[in-house]
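1. Pasting the sequence and the predicted coordinates here, then a few questions.
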Amino acid sequence: MSDREDLSELVRDLRGHLSWLADNGVRELPAPPRPSAASVQAANAPASSSTRSGSLRDAVRSAVGSPSPTRAVAPPPAQAPVAVPRPAANVIPFAPRSNIVAPAQPPPASAPATPAIRRSLEEIRAEIGACQRCKLGKTRTNLVFGVGNPKAELVFVGEGPGADEDAQGIPFVGKAGQLLTKMIEAMGFSRDDVYICNVVKCRPPGNRNPEPDEIEACEPFLKAQLASLSPKVIVALGKFAAQTLLRDTTAITRLRGNWREYCGIRLMPTFHPAYLLRSPAEKAKAWEDLKLVMKVFGKEPPAKKQ
Ligand code: URA
């Protein structure tokens with residue numbers, strides 16, 4: 001056989017081998033064995049006889065790990081290599097849906113160790129500990145975790161504690177809190193029926209807005225709380241709660257009154273009670289939003305006083 005014919009046969013063999021690998025789902029070849037000195041020598045030897053052609057074929061086959069011509073067309077051996085898809089490093093392995101808290105995102109360094117697992121509120125509170133994950137830890141008096149029914153079907157999420165909340169360690173107990181309590185009661189619930197918490201658990205000094213790094217540090221715990229509660233409806237009070245939970249920078253004036261979804265839970269954005277105290281004319285709009293929430297619970301708005 002001439003060298004040309006010999007090479008053609010070799011190429012056919014290789015093609016057969018590659019197509020067998022492809023047919024069997026093998027996408028990655030194991031590192032080929034290094035050709036032995038003898039086979040390299042044979043491959044490099046001048047080809048002047050039919051036996052040398054055989055040596056060349058064998059040397060190259062041995063170098064690429066090719067099966068014999070009969071194996072290339074034969075069915076795969078019992079222990080054929082199986083391509084096992086390897087998950088990317090940042091892919092969260094499958095877990096039952098009820099345990100999934102939120103879309104997979106690289107958690108910040110301060111995230112809880114197991115953000116995707118549903119835990120009790122007590123466990124989440126214990127994990128927060130005497131938190132110093134952001135700068136608010138230095139200036140707060142009390143960490144304000146949340147209050148209410150751990151089995152609540154309705155959850156209110158505010159922005160962050162003010163001075164009264166910081167002093168007492170309970171959310172929404174100041175002036176805005178008193179208005180929120182009235183709103184909850186007008187909806188036919190009591191504060192004990194629902195659950196109330198905030199985006200950030202510590203008071204921003206001087207009641208300034210929470211900063212992005214503070215929200216980021218605290219958000220895993222809010223997510224964990226919401227996963228633990230798994231309510232029917234979340235009411236997001238104001239821009240920070242709505243924008244943080246929805247990952248949407250649309251103004252609250254446009255978000256409010258429109259049903260949205262947070263991890264499979266219905267979410268209603270509305271105005272923050274502190275804003276309503278400053279702009280009482282907007283209370284009617286907030287009441288419209290809350291009436292939509294009441295409908296989900298089969299509640300009728302109270303009859304208007306004559
Ligand atoms: N405002 C908030 O957003 N949360 C509170 O707890 C109090 C006031």
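-> Arrived safely, thanks for sending. Since we're looking at a predicted model, the values are computed, not measured. Numbering: from 1, shown residues only.
2. so is Pro269 in a helix, a strand, or just coil?
-> Applying DSSP: H, G, I helix; E, B strand; the rest coil to Pro269 yields a three-state assignment of strand.
3. I'd guessed it sits against Leu246; true?
-> Yes: here Pro269 reaches Leu246: they are 7.3 Å apart, a contact under C-beta atoms under 8 Å. (Glycine included, C-beta is placed from N, CA and C.)
4. joint contacts of these two?
-> Common contact partners of Pro269 and Leu246 (C-beta atoms under 8 Å, 6 or more residues apart in numbering): Ala236, Leu255, Arg260.
5. List phi and psi for the first one.
-> Its backbone dihedrals place Ala236 at phi -90, psi 120, with angles given as degrees, to the nearest 10.
6. repeat for the one 4 residues further on
-> When read as degrees, to the nearest 10, the backbone of Phe240 gives phi -70, psi -40.
7. my guess is Asn149 contacts Ser190, does it?
-> No: Asn149 is not in contact with Ser190 according to C-beta under 8 Å; the separation is 9.4 Å.
8. higher neighbour count, those two?
-> Asn149 (18 against 12; other C-beta atoms under 10 Å).
9. give the contact list for that one.
-> Counting by C-beta under 8 Å, 6+ apart, Asn149 has contacts Asp192, Asp193, Val194, Tyr195.
10. Buried among these? Make that a ChimeraX selection.
-> In ChimeraX syntax, the buried subset of the contacts of Asn149 is picked out as below (16 or more other C-beta atoms under 10 Å):
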select :193,194,195
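11. could you redo the contacts of Asn149 as CSV and give each row pLDDT and distance to Arg119?
-> Converted to CSV, the contacts of Asn149 look like this (pLDDT from 0 to 100; distance: C-beta to C-beta, whole Å):
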residue, pLDDT, distance to Arg119
Asp192, 98, 22
Asp193, 98, 22
Val194, 99, 20
Tyr195, 99, 15
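12. on that earlier part again, quick one: buried ones out of the shared contacts of Pro269 and Leu246?
-> Ala236, Leu255, Arg260.
13. In contact with the residue in the stretch 1-150 of the chain positioned nearest to the ligand, which residues are there?
-> When scored by C-beta to the nearest ligand atom, the stretch 1-150 of the chain has Val144 as its residue closest to the ligand, at 6.1 Å. Contact analysis of Val144 by C-beta under 8 Å, 6+ apart lists Pro161, Glu165, Asp166, Gly169, Ile170, Pro171, Asn198, Lys201, Cys202, Arg203.
14. For those residues, give me TSV that also has distance to the ligand.
-> TSV is the format used below for those (distance: C-beta to the nearest ligand atom, whole Å):
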residue	distance to the ligand
Pro161	5
Glu165	4
Asp166	9
Gly169	10
Ile170	8
Pro171	4
Asn198	5
Lys201	10
Cys202	11
Arg203	9
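15. measure Ile128 to Leu121 for me?
-> From Ile128 across to Leu121, the span is 11 Å (C-beta to C-beta, to the nearest Å).
16. likewise Val194?
-> Distance of Val194 to Leu121, computed by C-beta to C-beta: 14 Å.
17. following the helix or strand containing Lys239, which helix or strand comes up?
-> Per DSSP states H and E, Lys239 falls inside helix 238-246. The helix or strand immediately downstream of helix 238-246 is helix 252-255, counting by DSSP H and E.
18. avg pLDDT for that next one?
-> Mean pLDDT, computed over helix 252-255, is 98.
19. Would you mark the buried spots in it?
-> By neighbour count on 16+ other C-beta under 10 Å, the buried set for helix 252-255 is Ile252, Leu255.
20. quick one: strands adjacent to the helix or strand that it is followed by?
-> Following helix 252-255 in sequence order, the next helix or strand is strand 260-262 (DSSP H and E). Paired strands of strand 260-262, with direction, are strand 265-270 (antiparallel) (DSSP bridges).
21. does the ligand sit close to the partner strand?
-> No: against the ligand, strand 265-270 shows no contacts by C-beta under 6 Å from any ligand atom, the least distance being 12.6 Å.
22. Quick one: work out the angle between that strand and helix 238-246.
-> Strand 265-270 runs at 160 degrees relative to helix 238-246, counting by axes from the mean of the first three to the mean of the last three C-alpha atoms, to 10 degrees.
23. Who are the packing partners of the helix or strand hosting Ile196?
-> Using DSSP H and E, Ile196 sits within strand 195-198. With contacts taken as 3 or more C-beta pairs under 8 Å, 6 or more residues apart in numbering; DSSP states H and E, strand 195-198 sits against strand 147-148, strand 154-158, helix 212-229.
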